[in-house]
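Enquirer: Build me a model:
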Amino acid sequence: MTPKRKISLVLADVDGTLVTEDKVLTPRAQDAVRRLHDGGIHFAITSGRPPQGMAMLFDALRLETPIAGFNGGLFVRRDLSIIEGKTLPIDVATTALELIRAHGLDAWVYRGTDWLITKLDAPHVAREAWTVKFQPKVVNDVADMLDGVAKIVGVSDDHDKVQACEADAQAAFGQRATASRSQPYYLDVTHKEANKGAVVAYLSAHLDIPAEEIATIGDQPNDVLMFKRSGFSIAMGNASDQVKAEASATTESYNDEGFAKAMERFVLGLSD
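Expert: Model prediction:
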């Protein structure tokens with residue numbers, strides 16, 4: 001079976017999409033990416049993670065495309081050298097921190113190569129450190145370090161609070177910043193041009209590939225922006241109904257080889 005559309009680049013989200021719930025890149029997922037390369041199809045990744053938090057994937061995926069960390073706030077090469085970065089204006093960063101705290105969320109700040117927190121035992125810190133393979137720095141108050149910030153994250157296991165904070169942040173910032181959930185428990189605030197829709201546009205220009213020849217795959221509300229900018233989009237089976245409704249197609253869950261199956265079925269044109 002041959003795909004009816006021409007796809008020259010696949011752009012994939014990482015957590016909830018490319019890797020399993022246990023943050024494993026399966027052999028079948030690796031093989032699917034190898035088949036893309038062999039077929040002359042570029043492959044790229046984007047994530048709310050800092051670039052160094054994706055470094056364990058670079059060799060396994062034979063990445064040669066720019067890597068988009070912080071949802072497009074920082075583009076790096078495979079050796080982690082910086083291509084381009086976008087940081088939050090300090091007044092936006094200050095307002096974001098105030099909103100996050102007003103909603104009862106913990107705040108994380110990403111500045112340069114540092115991940116700054118105030119409480120080591122706060123929710124999701126240990127899990128995030130295990131996932132990205134580096135440790136945060138504990139400071140007295142992140143409010144003192146808001147210059148040159150790539151991303152501020154609001155964290156809570158009260159998903160309603162995170163959603164409410166997202167809505168208030170979007171209303172407060174308008175077009176001045178991007179605020180969206182990368183997980184039900186994470187609200188990411190980044191530069192206005194640091195979003196996954198802008199990643200599609202950047203890669204389209206950088207690789208000279210028309211947006212209609214780009215396929216995107218993801219699972220969270222912040223992936224919808226890249227769905228809208230690409231020619232073909234795939235929602236993971238673990239995505240919400242709202243995210244699925246924005247995609248061209250749906251695949252299986254991240255715990256059921258959803259990424260690999262999507263590549264095989266929708267991009268490579270292999271039979272099930």
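Enquirer: Could you export the helix or strand containing Val224 as CSV, CA atoms only?
Expert: According to DSSP states H and E, Val224 maps onto helix 224-229. Taking Å, rounded to 0.1, in the frame of the first residue of the first chain, the C-alpha atoms of helix 224-229 are listed here in CSV:
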residue,chain,number,x,y,z
VAL,A,224,-2.6,21.0,18.0
LEU,A,225,-0.7,24.1,16.8
MET,A,226,1.6,21.9,14.8
PHE,A,227,-1.3,19.8,13.5
LYS,A,228,-2.8,23.0,12.1
ARG,A,229,0.4,24.1,10.3
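Enquirer: Please identify the buried residues of that helix?
Expert: 224-227, 229 (16 or more other C-beta atoms under 10 Å). Yep, even glycine has a C-beta here, placed from its N, CA and C like the rest.
Enquirer: mind listing the strands for the stretch 51-200 of the chain?
Expert: All strands of the stretch 51-200 of the chain, identified by DSSP state E, counting those that start in this stretch, fall at 67-69, 74-76, 82-85, 106-111, 114-117, 137-138, 149-155, 177-183, 186-191.
Enquirer: could the buried residues of helix 224-229 be laid out in CSV, adding pLDDT and distance to Val109?
Expert: Formatted as CSV, the buried residues of helix 224-229 follow (pLDDT from 0 to 100; distance: C-beta to C-beta, whole Å):
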residue, pLDDT, distance to Val109
Val224, 96, 25
Leu225, 95, 23
Met226, 97, 25
Phe227, 98, 28
Arg229, 97, 28
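Enquirer: Which single one of the residues you listed is nearest to Asp31?
Expert: The shortest gap between Asp31 and any of the buried residues of helix 224-229 belongs to Met226, at 23.9 Å (C-beta to C-beta).
Enquirer: How about Val92, nearest residue that isn't a chain neighbour?
Expert: The shortest distance from Val92 to any residue other than its chain neighbours is 4.9 Å, reached at Ala177 (C-beta to C-beta, 6 or more residues apart in numbering).
Enquirer: And Gly258, by the same measure?
Expert: Glu252 (4.0 Å).
Enquirer: can you count the residues close to the one you found?
Expert: 16 (other C-beta atoms under 10 Å).
Enquirer: Asp13 too?
Expert: Counted with other C-beta under 10 Å, Asp13 comes out at 27.
Enquirer: you'd agree it is up against Gly218?
Expert: Yes - contact criterion C-beta atoms under 8 Å: Asp13 and Gly218 qualify, at 3.6 Å.
Enquirer: List the contacts of the spatially most central residue of the chain.
Expert: Geometric centre of the chain, nearest residue: Ser47, 2.3 Å, by C-alpha atoms, centre = their mean. Under the criterion of C-beta atoms under 8 Å, 6 or more residues apart in numbering, the contact list for Ser47 reads 13-15, 53-54, 68-69, 71, 182.
Enquirer: so what's it scoring on pLDDT?
Expert: If you check Ser47, the pLDDT there is 95.
Enquirer: try Ala235
Expert: 98.
Enquirer: is it true that it touches Glu246?
Expert: Yes - with contact defined as C-beta under 8 Å, Ala235 reaches Glu246; the gap is 7.2 Å.
Enquirer: Please say which of those two ends up with more neighbours.
Expert: Higher neighbour count among Ala235 and Glu246: Ala235, with 29 against 16, using other C-beta under 10 Å.
Enquirer: What separation do you get for the residue nearest to that one when sequence neighbours are not counted and Pro221?
Expert: Sequence neighbours aside, Ala247 is the residue nearest to Ala235 in space, at 3.7 Å (criterion: C-beta to C-beta, 6+ apart). According to C-beta to C-beta, to the nearest Å, Ala247 and Pro221 sit 12 Å apart.
Enquirer: got it, and Gln183?
Expert: 10 Å.
Enquirer: mind listing what's buried in stretch 43-63?
Expert: When burial is assessed from 16+ other C-beta under 10 Å, stretch 43-63 yields the following buried residues: 43-51, 53-55, 57-58, 61, 63.
Enquirer: same deal with stretch 74-91?
Expert: Those would be 74-76, 78, 80, 85-88, for stretch 74-91 by 16+ other C-beta under 10 Å.
Enquirer: Thanks again, I'm all set now.
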